[in-house]
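Engineer: Sharing a model that was predicted from the sequence below.
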Amino acid sequence: MSEAVAVDGESLTPADVEAVAREGAEVSIPESVRERVRDSRERIEEILETGDPVYGVNTGFGELVDERIAAEDIEAIQRNLVRSHAAGAGDELPTEVVRGMLVTRLNTLVKGFSGIRERVVDLLAGLLNKGVHPVVRSKGSLGASGDLAPLAHMTLVLLGEGTATVDGERLDGDAALERAGLEPVELRAKEGLALINGTQLTVSLGALTVLDAERAVRAADIAGAMTTEVTTSTTASADPRINDVRPHRGHRESADNVRSITTDSEIVASHRNCDRVQDAYSIRCLPQVHGAVRDAVSHLREVVTIELNSATDNPLVFDADNVDGHASGTDDTAVLSGGNFHGEPLALPLDYVTSALSELAAISERRLDRLLNPNVQEDHLPPFLAEDAGLRSGYMIAQYAAADLVSTNQAEGRPSMTNVPVSGNQEDHVSMSAQSALRADEAVDRTRRVVASELVCATQALEYVDPDLDPGDGTAAARACVRERVPRLDEDRPIHTDIDAATELVASGTLEGQVEDAIDGSLR
């Protein structure tokens, strides 16, 4: 298990989210952060004493904002809010995504602008540290007012309601808390709204997608370098002088990787002065295409990192200095209604990354075809990399499956371009950011499977290269890594197991780790 992640509202990274979500790291809350939480709650208590109407404290929600709530019903409306908003549909989210939601929600609440009690943030931390995982449905969020329905399902368990899993066993919320030695909480003013109003499904998926996409593009550089070698293509297209006159950062990084992976390649050196003038685009333009994908993912990383450390609920509680307009509060406190729950800052780059991943898969599939297709492959390669082609089909259908995955990626819509007004038209523009995040997550899964198919076939193709010629240092390591899990294809067999194994090597980072060890440095 990874070491505990300090949740301070300021420094959470995608890697921290992964540590908690996938590796089971526990969380801690620094004392300095607790002070902010207590101060924020005191402001809410002061507002309650005035009896003035403040949204989220003593009013209804959404279109019901003008409904005043009696003092004796303030706790009941918070409980009712959570129950009524648990309207999710679709498949249940994986545990890793739910853990991501818990840690990202905790991080935004401890910033000290949400007016929530220390007791509540401690219970959120307790769910993570004790392994209590709410059952959350994947559909139902519009990405404004945040990911309401999924977060409501998550929050029900804090009340001892809903459903959760503990050690793989499915339990009612109260039984799950009891099993873990935790006590349910009675929500007070604003706390229900603070828990469900935010972008935590979107940003949890976004953080994991950033890391998965970065691994996929590095694996694509490795696969592309292998294909470059085995098709007797040149690495001259990765020359830094080409990038110098068009200095996109991603281009530079992928070109650097290709050169590093093929260091000391006797295969590349053997045909350096051949008659071929240019290689096909899928090989020659690898740095430009992979680089553009890198730049898209880099932008998503920047946005996600900001969002992880932002206050995203509504309203937010501030000092009263220099506030005018629709602010509520006291002489010392301002409660401002705004739109930080709106998922648009995430939705647009998530859709962009889905498009970018579609291109990464598309160019990988074209290289895969060049390894298999007897009409374009090199003379030293047998059709479809099959021993005794005709009697056997080899890896022929790997390209079919890859083509389906590419087509599915390309058919994905752009949820951020969709708007359906809700809540009596009070919430008349929404982002659909959760849909964007779910589709990006699915796109990266399909893309790495295409890349894995290229890796398997490039590894097989290396079996037919002159054995007296050594591949590059990184290429040799990649081949050895794949061969640890995927034996040489001599007889036809179900090849999905080959591709499944290679996909896991990509997803886990095992492939890039072994290549980095061989080249004595990190891939970009």
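Structural biologist: Happy to help now that I have it.
Engineer: can you give me the helices for the stretch 251-400 of the chain?
Structural biologist: 266-270, 281-284, 286-308, 344-372, 396-411 (DSSP state H, counting those that start in this stretch).
Engineer: Other residues contacting the shortest one?
Structural biologist: Here helix 281-284 makes contact (C-beta atoms under 8 Å, 6 or more residues apart in numbering) with 224, 227, 228, 231, 233, 237, 278, 363, 366, 367, 370. C-betas here are computed from N, CA, C, even on glycine.
Engineer: Same question for the last one.
Structural biologist: The set of residues external to helix 396-411 that reach it, using C-beta under 8 Å, 6+ apart, is 354, 357-358, 361-362, 364-365, 368-369, 372-373, 384, 386, 443, 446-447, 449-450, 453-454, 456-457, 495-496, 499.
Engineer: buried set for stretch 117-125?
Structural biologist: The neighbour-count criterion (16 or more other C-beta atoms under 10 Å) identifies 117, 118, 120, 121, 123, 124, 125 as the buried residues of stretch 117-125.
Engineer: Any chance of JSON lines for those, columns secondary structure, pLDDT and distance to residue 28?
Structural biologist: Formatted as JSON lines, the buried residues of stretch 117-125 follow (DSSP: H, G, I helix; E, B strand; the rest coil; pLDDT from 0 to 100; distance: C-beta to C-beta, whole Å):
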{"residue": "117", "secondary structure": "coil", "pLDDT": "97", "distance to residue 28": "18"}
{"residue": "118", "secondary structure": "helix", "pLDDT": "97", "distance to residue 28": "14"}
{"residue": "120", "secondary structure": "helix", "pLDDT": "98", "distance to residue 28": "16"}
{"residue": "121", "secondary structure": "helix", "pLDDT": "98", "distance to residue 28": "11"}
{"residue": "123", "secondary structure": "helix", "pLDDT": "98", "distance to residue 28": "15"}
{"residue": "124", "secondary structure": "helix", "pLDDT": "98", "distance to residue 28": "12"}
{"residue": "125", "secondary structure": "helix", "pLDDT": "98", "distance to residue 28": "8"}
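Engineer: which one of the residues you listed is nearest residue 181?
Structural biologist: residue 123 (11.7 Å; C-beta to C-beta).
Engineer: quick revisit: looking at the helices of the stretch 251-400 of the chain, which is buried most?
Structural biologist: Highest mean neighbour count among the helices of the stretch 251-400 of the chain (mean count of other C-beta atoms under 10 Å): helix 344-372, with a mean of 25.
Engineer: Tell me, how many residues neighbour residue 112?
Structural biologist: 22 (other C-beta atoms under 10 Å).
Engineer: Does it touch residue 36 like I think?
Structural biologist: Yes. Using C-beta atoms under 8 Å, residue 112 is in contact with residue 36, at 3.0 Å.
Engineer: Can you pull the residues that touch both of the two?
Structural biologist: residue 9.
Engineer: Please list all residues in contact with the residue nearest the centre of the chain.
Structural biologist: Geometric centre of the chain, nearest residue: residue 209, 1.9 Å, by C-alpha atoms, centre = their mean. The contact partners of residue 209, by C-beta under 8 Å, 6+ apart, come to 300, 350, 353, 437, 440, 441, 444.
Engineer: before we move on, which element is it in?
Structural biologist: Here residue 209 sits within helix 200-230, counting by DSSP states H and E.
Engineer: Residue 439 too?
Structural biologist: Assigned by DSSP H and E, residue 439 falls in helix 433-461.
Engineer: mind exporting the next helix or strand after that helix as PDB, just the C-alpha atoms?
Structural biologist: Following helix 433-461 in sequence order, the next helix or strand is helix 473-485 (DSSP H and E). Taking Å, rounded to 0.1, in the frame of the first residue of the first chain, the C-alpha atoms of helix 473-485 are listed here in PDB:
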ATOM      1  CA  ASP A 473      18.100  -1.000 -26.500                       C
ATOM      2  CA  GLY A 474      14.500   0.000 -25.800                       C
ATOM      3  CA  THR A 475      13.000  -2.100 -28.500                       C
ATOM      4  CA  ALA A 476      14.800  -5.200 -27.200                       C
ATOM      5  CA  ALA A 477      13.500  -4.500 -23.700                       C
ATOM      6  CA  ALA A 478       9.900  -4.100 -25.100                       C
ATOM      7  CA  ARG A 479      10.200  -7.300 -27.000                       C
ATOM      8  CA  ALA A 480      11.400  -9.100 -23.900                       C
ATOM      9  CA  CYS A 481       8.600  -7.600 -21.800                       C
ATOM     10  CA  VAL A 482       5.900  -8.700 -24.200                       C
ATOM     11  CA  ARG A 483       7.500 -12.200 -24.600                       C
ATOM     12  CA  GLU A 484       7.300 -12.700 -20.800                       C
ATOM     13  CA  ARG A 485       3.500 -12.800 -21.200                       C
END
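Engineer: who are the neighbours in contact with the closest residue to the residue nearest to the centre of the chain other than its chain neighbours?
Structural biologist: Spatial nearest neighbour of residue 209, excluding adjacent residues (C-beta to C-beta, 6 or more residues apart in numbering): residue 440 at 4.9 Å. By C-beta under 8 Å, 6+ apart, the contact set of residue 440 is 205, 206, 209, 213, 350, 351, 353, 354, 357.
Engineer: Check residue 451 too.
Structural biologist: For residue 451, the contact set (C-beta under 8 Å, 6+ apart) comprises 216, 219, 220, 223, 360, 361, 364, 506.
Engineer: Need the pLDDT of it.
Structural biologist: As predicted, residue 451 sits at a pLDDT of 98.
Engineer: Equivalent analysis for residue 62, please.
Structural biologist: On pLDDT, residue 62 comes in at 67.
Engineer: same question, residue 19
Structural biologist: pLDDT, residue 19: 98.
Engineer: Distance of it relative to residue 5?
Structural biologist: Distance, residue 19 to residue 5, by C-beta to C-beta, to the nearest Å: 6 Å.
Engineer: Need the residues touching each of those two.
Structural biologist: residue 25.
Engineer: Near the nearest residue to residue 313 once chain neighbours are set aside, how many other residues are there?
Structural biologist: Leaving out its chain neighbours, the residue that sits closest to residue 313 by C-beta to C-beta, 6+ apart is residue 197, at 4.2 Å. Residue 197: 27 surrounding residues under other C-beta under 10 Å.
Engineer: got the contact list for residue 197?
Structural biologist: Taking C-beta under 8 Å, 6+ apart, we find residue 197 in contact with 56, 145, 146, 148, 151, 312, 313, 314, 341.
Engineer: Mind picking the two most distant members of those residues?
Structural biologist: Using C-beta to C-beta, the contacts of residue 197 reach their maximum pairwise distance at 56 and 151, which is 14.5 Å.
Engineer: remind me which residues of the stretch 151-300 of the chain are low pLDDT?
Structural biologist: Scanning the stretch 151-300 of the chain for pLDDT under 70 picks out 277.
Engineer: circling back to that earlier point, neighbour count for the contacts of residue 197 - can I get that in a markdown table?
Structural biologist: A markdown table is the format used below for these (neighbours: other C-beta atoms under 10 Å):
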| residue | neighbour count |
| --- | --- |
| 56 | 29 |
| 145 | 28 |
| 146 | 28 |
| 148 | 30 |
| 151 | 27 |
| 312 | 29 |
| 313 | 29 |
| 314 | 23 |
| 341 | 21 |
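Engineer: which among the residues you listed gets closest to residue 69?
Structural biologist: Using C-beta to C-beta, residue 56 comes nearest to residue 69 of the contacts of residue 197, at 10.4 Å.
Engineer: what sits against the closest one?
Structural biologist: 190, 193, 194, 197, 314, 315, 335.
Engineer: same check, this time on residue 444
Structural biologist: Residue 444 sits next to 209, 212, 213, 216, 357 when contact means C-beta under 8 Å, 6+ apart.
Engineer: just residue 102 next, same as before
Structural biologist: 20, 124, 127, 128, 134, 154.
Engineer: got a winner among those for most neighbours?
Structural biologist: Each of the contacts of residue 102 was scored for neighbours by other C-beta under 10 Å, and residue 154 scores highest at 30 neighbours.
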